[in-house]
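> sharing a model prediction with you, sequence too.
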Amino acid sequence: MLVAAAVCPCPPLLVPDVAAGAASELEAARAACTDALGVLAAARPNLLVVVGPAEESGRGTHPQGTQGSFRGFGVDLGVRLGEETGAESGRELPPSLAVAAWLLQRTGWSDAPIEGLGVGEPLAAERCIDVGRGIAARAGRVALLVMGDASACRTLKAPGYLDERAAPFDAEVARALGDADLAAIRSLDAELAYELKASGRAPWQVLAGAAEGADLAGALLYEDAPYGVGYVVATWS
């Protein structure tokens, strides 16, 4: 059963070594992520599943101990998803899960076994929800760390340029995640999310499936759009 969840953004720029001189611009987001992971630890789960968006090569399960890096972003920095077990798959973590691994290492996570799951943007809402239900049923006390960004179309200089639909979409996402509104998250428009380059849609809907029947309360810790991309940090507990 799901006992807690943390929702965090997944830009590699969240890692100071990647952001370099601009690292201070996301300090508030990093602090909120640290607070969110504290909520997960306080729930004392016996399984933590990290869910994040992934391209085709990074989709599927990533066992505890799987390594990732930020070399693709010009930084020779490696990370590992939890402690080494010898069972890692040989694949590298996709970027979203590498950011999650960095956050977990930064906070010294050692409270429960960890597993990663990379999900693809095309995954339909009902399939996401079914995946979430399956995750929640895997242990008596399951926690989720859910990685993903909102729209990338909030300003003229955003990766997806300015789209007037982006701000209201992000506002509803932030409200739904902050309120733990399962119905609103389940009903997010996948096509609109794709057009707005919102990478978090599928992971959020996995969370909605996992949280069915758990009666968790939400809290919004951070919402902003630096670089024209919507970043949300929320907790459910």
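Okay, I see it. Residues are numbered from 1 along each chain as shown.

> all helices for the chain, in order.
Here the chain has its helices, by DSSP state H, at 16-19, 27-42, 95-106, 125-136, 166-179, 182-186, 190-195, 201-210.

> contacts for the fourth one, please.
Identification of contacts with helix 125-136 by C-beta atoms under 8 Å, 6 or more residues apart in numbering yields 1-2, 49, 51, 117, 119, 123, 142, 144, 186-188, 190, 202-203, 205-212, 214. Backbone N, C-alpha and C define where each C-beta goes, glycine included.

> what's the ChimeraX syntax to select whichever of those residues are buried?
The ChimeraX selection below is limited to those of the contacts of helix 125-136 classed as buried (16 or more other C-beta atoms under 10 Å):
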select :2,49,51,117,119,123,142,144,186,188,190,202,203,205,206,207,208,209,210,211,214
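
> tell me where the model's unsure across the chain.
By pLDDT under 70, the low-scoring segments of the chain are 86-89.

> so which residue is smack in the middle of it?
residue 147 (0.7 Å; C-alpha atoms, centre = their mean).

> identify the bridge partners of it.
residue 8 (DSSP bridges).

> that one against residue 53, yeah?
Yes - at 7.2 Å, residue 147 counts as touching residue 53 under the criterion of C-beta atoms under 8 Å.

> please enumerate the shared neighbours of these two.
10, 96, 200, 203.

> and these as a markdown table, adding distance to residue 65?
A markdown table is the format used below for these (distance: C-beta to C-beta, whole Å):
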| residue | distance to residue 65 |
| --- | --- |
| 10 | 20 |
| 96 | 18 |
| 200 | 25 |
| 203 | 22 |
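
> now, among those, which is nearest to residue 234?
residue 200 (10.9 Å; C-beta to C-beta).

> phi and psi next, for the closest one.
Backbone torsions of residue 200, given as degrees, to the nearest 10, read phi -80, psi -10.

> so who does it touch?
Residue 200 neighbours (C-beta under 8 Å, 6+ apart): 7, 9, 10, 53, 146, 147, 148, 149, 150, 173, 232.

> how does it look with 6 Å?
Contacts for residue 200 (C-beta atoms under 6 Å, 6 or more residues apart in numbering) come out as 148, 149.

> state the distance from it to residue 51.
Residue 200 is 10 Å from residue 51, where distance means C-beta to C-beta, to the nearest Å.

> do residue 102 as well
16 Å.

> what is the neighbour count of residue 103?
By the criterion of other C-beta atoms under 10 Å, residue 103 has 24 neighbours.

> who touches the closest residue to it other than its chain neighbours in this structure?
Residue nearest to residue 103 in three dimensions, not counting chain neighbours: residue 33, with 5.5 Å by C-beta to C-beta, 6 or more residues apart in numbering. Neighbour list for residue 33: 8, 103, 233 [criterion: C-beta under 6 Å, 6+ apart].

> of the residues you listed, closest to residue 218?
residue 233 (11.4 Å).

> contact partners for the closest one?
8, 32, 33, 36, 221, 222.

> quick one: the closest residue to residue 114 other than its chain neighbours from residue 13, how far?
Nearest non-adjacent residue to residue 114, counting by C-beta to C-beta, 6+ apart: residue 82, 3.7 Å away. Residue 82 sits 23 Å away from residue 13, going by C-beta to C-beta.

> again, but for residue 143
On the measure of C-beta to C-beta, residue 143 and residue 13 end up 25 Å apart.

> ok, those two, which is more surrounded?
residue 143 (29 against 21).

> dump the residue contacts of that one.
Residue 143 touches 4, 40, 43, 45, 48, counting by C-beta under 6 Å, 6+ apart.
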